[in-house]
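Visitor: Give the three-dimensional model of this entry:
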Amino acid sequence: MAIKKAFHGGTFHGGLAGNPFIARFRKIEMKKQTKHEWFMREAISEALKGDVAKTSPNPRVGSVIVESGVIVGRGFFESDGGPHAERVALADLGRAPLRGATLYVTLEPCSTHGRTGACSQAIVESGISKVVVGALDPTSVHRGAGLVALQEAGVSVDPNVLVSECEAINPGFAGRET
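Guide: Here you go, the predicted model:
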């Protein structure tokens with residue numbers, strides 16, 4: 001069973017919060033970063049679970065879904081041809097997101113209908129209210145298209161959160177034409 005983590009007003013709440021040292025450390029740590037940065041780092045942790053040998057030629061991507069300051073769904077891109085991180089996180093949630101839910105993703109959601117379908121469309125259909133994005137898709141033909149698709153559907157988008165850290169997940173990845 002996964003440990004659920006929450007961020008409320010600069011304080012960490014989770015599986016280790018009962019430990020006074022960990023709780024104090026996390027409280028200090030939270031003051032140094034914003035809520036978006038904290039949840040994006042959780043998405044980065046998800047992305048790093050991916051094995052480059054299995055995801056190639058695609059990038060490693062991680063995602064988390066947050067409701068009322070609590071991570072309720074997690075996902076990462078596991079293998080080429082498999083479901084993307086956003087779809088895995090939605091499946092992990094196992095139900096429709098609550099009103100006001102936010103999805104954090106390390107790389108801009110795709111907007112093309114390849115083998116797995118457009119993640120931007122899946123996000124819209126799920127009812128997610130806001131998407132926080134780390135890095136934009138480096139592929140020139142796709143760059144920004146996922147964000148535009150989300151915005152046109154009424155989803156709030158907050159791009160460029162921890163861009164350098166998100167780009168560092170996939171060194172040398174220059175995009176992929178599909």
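
Visitor: Please make it C-alpha for all contacts and neighbour counts, starting now.
Guide: Noted.

Visitor: now the strands for this structure?
Guide: 6-8, 11-13, 62-67, 70-76, 102-107, 130-135, 156-158 (DSSP state E).

Visitor: Could you export the ones you listed as TSV, including mean pLDDT, distance to His142 and mean neighbour count?
Guide: Formatted as TSV, the strands of the chain follow (pLDDT from 0 to 100; distance: least, CA to CA, whole Å; neighbours: other CA atoms under 10 Å):
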stretch	mean pLDDT	distance to His142	mean neighbour count
strand 6-8	51	32	18
strand 11-13	43	36	20
strand 62-67	98	19	28
strand 70-76	97	20	24
strand 102-107	98	12	30
strand 130-135	97	13	24
strand 156-158	97	16	16
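
Visitor: now the ones you listed as JSON lines including distance to Arg87?
Guide: Formatted as JSON lines, the strands of the chain follow (distance: least, CA to CA, whole Å):
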{"stretch": "strand 6-8", "distance to Arg87": "21"}
{"stretch": "strand 11-13", "distance to Arg87": "26"}
{"stretch": "strand 62-67", "distance to Arg87": "9"}
{"stretch": "strand 70-76", "distance to Arg87": "8"}
{"stretch": "strand 102-107", "distance to Arg87": "11"}
{"stretch": "strand 130-135", "distance to Arg87": "13"}
{"stretch": "strand 156-158", "distance to Arg87": "18"}
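
Visitor: Out of those strands, flag the one nearest Thr116.
Guide: strand 70-76 (14.1 Å; CA to CA).

Visitor: Mind checking the strands of the chain for the one nearest to Val124?
Guide: Using CA to CA, these put strand 130-135 closest to Val124, at 9.7 Å.

Visitor: And that closest one, what does it pack against?
Guide: The elements that strand 130-135 packs onto, with contact taken as 3 or more CA pairs under 8 Å, 6 or more residues apart in numbering; DSSP states H and E, are helix 35-47, strand 102-107, strand 156-158, helix 163-167.
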